[in-house]
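Undergrad: I would like to see how this sequence folds:
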Amino acid sequence: MNEALLYNVVIPSVKAVVAVLVVATVAGILTLIERRVLARLQVRQGPNRVGWNGVLQWVADVVKLIFKEDVVPANAERGIHFLAPLLVMMPALTVFAFIPWGPETTWNIPGVGVIRTGLYGTDVNVGLLLLVAITSIGVYGIILGGWASNSKYALMGGLRSAAQLISYEVPMGFALVAAILMSRSLSLVGIVEAQRDAGLWFIFPGVVAFFLYFVSGVAETNRIPFDLPEAESELVAGFHTEYSGFRWAVFFLSEYANMITISAVATTLFFGGWLRPFPNIGWLSFLDLVPPLVWFVLKVAVFLFVYIWFRGTFPRYRFDQLMALGWKVLIPISIGNVVLVALAALWGLPGLKVLSAVLWVALIVGFLVVRKAEPQRRTVLVAGVGR
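TA: As a prediction, the model looks like this:
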């Protein structure tokens, strides 16, 4: 086979098909995992009827949604109403072309020969910037879906989503800037390699940036405790109230795909991507027996569990609390963090190590102070003072 055709057409096409199929399948399975984990947290059984111990429940849900009647409001803007789920789904799937799941690997394929390619679609030198630009398109699908439905509940959910995006894109952007300063690269593969060269994951000097990124990511994906655009207690189902059948399933799939995206990017930027823990320490070399792809998947799985854990633990914020957290807390912290990381990055790796030590000591001391003050606060509240 012609080498140009192989590397420019065949291999990218195969990667695209595999990525879409894997993400769609994992999103379906993730719905089952979420329901079972929430059941455990709430001391109940969860789905256990379809298949052995309920393992095929997600397949039954997919079949039901595909064949369910698709109802469209009589006065809806039908064209935009149809287009909105696609505007949410396409960016959610497209970004997986830039996320590196593993390093370049040599493959011996019968009939083709030996090829060398990475476990990612492409390595773009501005991949992180392109990823942020593409994921920002998804909110337009939510806003347009809410507006085109001709429903007050859906419209309010779309407006909430717009306000939420504006509020949390800023601290998320500053968190990404901190990762760029530490790695001095916009390439996602380059950021992973920078962590290998430094010998440490960027979570250590970038713990504040990671916190900002992940909290903003939870808000961007409309998950509890920030699921205000689809708050069923006051908006029925928010922006997708008037969607049913397969089009509602597309919104549902996109939410889980975005959860995987946020988890994968957090893993890439702050937890070494496919690298094992402490990649340059020789006596831990036995960890290299675990394939890089397995390391990456395990890290992403931990973040997905945290998403589910949040849903089973935290109550939903009020909208004024959501805005106050974004504008009054996260944005000032993110600006200050960028200044600290920039100053540390001037001295290279030694500066990052000093910043890491200072931040972690400050976090531990702050945690101990809060823990020590907590019993006194509880005593005061029980006594009825300061209510």
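Undergrad: contacts, neighbours, all on C-alpha from now
TA: Fine.
Undergrad: what does the host helix or strand of Ala209 contact?
TA: In this structure, Ala209 sits in helix 207-220 according to DSSP states H and E. Applying CA atoms under 8 Å, 6 or more residues apart in numbering, the contact partners of helix 207-220 are 164-165, 168-169, 171-172, 174-176, 178-179, 203, 224-227, 259, 262, 266, 270, 307, 330, 334, 337, 356, 359-360.
Undergrad: could you do stretch 99-107 as well?
TA: Taking contacts as CA under 8 Å, 6+ apart, the residues outside stretch 99-107 that touch it are 114-121, 188-189, 264-265, 268, 273-274, 292-293, 296-297.
Undergrad: which parts of the stretch 101-250 of the chain are strands?
TA: Using DSSP state E, counting those that start in this stretch, the strands found in the stretch 101-250 of the chain span residues 104-109, 113-118.
Undergrad: and the first one, how far from the chain's centre?
TA: It refers to strand 104-109. The gap between where strand 104-109 is centred and where its chain is centred comes out at 29 Å by CA atoms, centre = their mean, to the nearest Å.
Undergrad: hang on, the earlier thing: tabulate the strands of the stretch 101-250 of the chain (TSV), appending mean neighbour count.
TA: Below are those laid out as TSV (neighbours: other CA atoms under 10 Å):
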stretch	mean neighbour count
strand 104-109	11
strand 113-118	12
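Undergrad: out of the ones you listed, flag the one nearest Ala19.
TA: Nearest to Ala19, of all those, is strand 113-118, at 13.3 Å by CA to CA.
Undergrad: who does that closest one pair up with?
TA: Pairing partners of strand 113-118, with direction, according to DSSP bridges: strand 104-109 (antiparallel).
Undergrad: mean confidence for the partner strand?
TA: If you average the pLDDT over strand 104-109, you get 77.
Undergrad: restricting to C-alpha, output that strand in CSV.
TA: Output of strand 104-109 as CSV, limited to C-alpha atoms (Å, rounded to 0.1, in the frame of the first residue of the first chain):
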residue,chain,number,x,y,z
GLU,A,104,4.0,6.2,19.6
THR,A,105,3.9,2.5,19.2
THR,A,106,5.1,0.0,16.6
TRP,A,107,2.5,-2.3,15.1
ASN,A,108,3.1,-5.3,12.9
ILE,A,109,-0.1,-5.7,10.8
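Undergrad: just the contacts of stretch 99-107: which are in helices?
TA: In this view, the contacts of stretch 99-107 that belong to helices under DSSP state H are Leu188, Val189, Ala264, Val265, Thr268, Pro292, Leu293, Phe296, Val297.
Undergrad: return the distance of Leu41 relative to Arg311.
TA: Going from Leu41 to Arg311 by CA to CA, to the nearest Å gives 10 Å.
Undergrad: who has more neighbours out of the two?
TA: Between Leu41 and Arg311, counted using other CA atoms under 10 Å, the more crowded position is Arg311 (18 against 14).
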